[in-house]
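Colleague: Quick one: sequence and predicted model below, then my questions.
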Amino acid sequence: MTEFIPPGTRFHDLPSPFAMKRGGELRNARMAYETWGTLNAARDNAVLVLTGLSPNAHAAKNDANGEAGWWEDMIGPGKPIDTDRWFVICTNSLGSCKGSTGPASVNPETGERYGLAFPELAVEDGANAAFEVVKGLGVETLACVVGNSMGGMVALAYLMLHPGSARSHINISGSARALPFSIAIRSLQREAIRLDPHWNHGEYTEELYPDAGMRMARKLGVITYRSALEWDGRFGRVRLDSDDRDEEDPFGLEFQVESYLEGHARRFVRSFDPNCYLYLSRSMDWFDLAEYGDGNVDTGLGRIRVDRALAIGVETDILFPLQQQQQVADGLRAAGADADFRPLPSPQGHDAFLVDIARFGPAVRNFLSTL
């Protein structure tokens, strides 16, 4: 299947072999990344941005790619993550299909795409791969690691596995472990993909592709990325015009909210590889810092050492609920960090950090301005 790599993406070759946490290894693997700003002479002004499940490395426009990025209003000159001061690095997740090595990549040992032959993927693997990118850029200690959603998990693993690698951390709608509700939702998403007969045990083609499974998986995801408050305020119970309904389908789309989900899902289906989706989704379910804390997640957090930390959450987030960001702040504070917890009242749920810059921007800017 297709890899979706933005123009101007750069690549870093990982050590070969690259050992994976749950066994197996990758050979000739690479990480996709982009940068903004200038690394200063002391090499101490670097900020690493770690993404959620689906974004690529193109978080904002830069000299190599003038297209707007997925976090365009957050990164750039004079913006909350100010590239006049900071050298910003954003990596595409290991296991993705947007430049970094993943199940959609060609296995150099067979000449065929990995598919389900890709080794089991853990959040820690993504953290170690991002660390190699930063090291390859000549940065020994980051000023800050910023992690969004899944990236918040990757950031905590990064700090755990590489002590002294960063002076501060911003955890945005992330967590130190997956909760049962989140695991259940992601399990249903993966099941939707796997039950599509065209998935064919990971051996699909462009012609026989699990479109239906991916559509359902994406719809389930989008429902949890936003809040009931937003769905109600944005769509209410407004019905589609008769011209927009399929009168021959007695159970077809009838409400505007259904049409929105359908359109959103169809746009996503062919823009992300199904096997990559499965691997990355499962890696989040497996992640648990209690593994590093003798079975206690707070003890695991207590083993991370940073000088400063900020955990930001959203009151309407049902996927990574607010108590998870408070736990991150409390755990890092117990370990000696000057850590702050910032709950925000955004109505936009888990995806608020992507769109509610009016709330998230000042919190990020104020934190970084004190470093």
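Modeller: The structure has been received and is ready for your questions.

Colleague: show me what contacts E72?
Modeller: Each residue near E72 by Cβ atoms under 8 Å, 6 or more residues apart in numbering is listed here: A59, A60, K61. C-beta here means a position set from N, CA and C on the backbone, and glycine is covered the same way.

Colleague: which residues touch the spatially most central residue of the chain?
Modeller: Residue closest to the mean C-alpha point of the chain, counted by Cα atoms, centre = their mean, is G52 at 1.0 Å. For G52, the contacting residues are N148, S149, M150, G151, by Cβ under 8 Å, 6+ apart.

Colleague: Check A335 too.
Modeller: Counted by Cβ under 8 Å, 6+ apart, A335 has contacts L301, G302, R303, I304, R305.

Colleague: that older thread, sort out for me which of the contacts of E72 are in helices.
Modeller: Among those, no member falls in helices (criterion: DSSP state H).

Colleague: looking at this, the residue nearest to the centre of the chain is in a helix?
Modeller: No. If the criterion is DSSP: H, G, I helix; E, B strand; the rest coil, then G52 is coil and not within a helix.

Colleague: how near is the residue of the chain most remote from its centre to D211?
Modeller: Within the chain, the residue lying farthest from the chain centre (Cα atoms, centre = their mean) is E248, at 39.8 Å. E248 sits 21 Å away from D211, going by Cβ to Cβ, to the nearest Å.

Colleague: mind listing the helices for the protein?
Modeller: Using DSSP H, helices in the chain cover 123-136, 150-161, 180-195, 211-225, 228-235, 256-269, 274-286, 297-301, 322-334, 352-355, 357-369.

Colleague: picking that back up, need the contacts of E72 in TSV with pLDDT, distance to A290 and neighbour count, can you?
Modeller: Output for the contacts of E72, formatted as TSV (pLDDT from 0 to 100; distance: Cβ to Cβ, whole Å; neighbours: other Cβ atoms under 10 Å):
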residue	pLDDT	distance to A290	neighbour count
A59	98	31	26
A60	98	35	23
K61	96	40	17
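
Colleague: can you put those residues in TSV and add distance to L280?
Modeller: Formatted as TSV, the contacts of E72 follow (distance: Cβ to Cβ, whole Å):
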residue	distance to L280
A59	18
A60	22
K61	25
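
Colleague: wait, which of those is closest to R218?
Modeller: Proximity of the contacts of E72 to R218 (Cβ to Cβ) peaks at A59, which lies at 21.2 Å.
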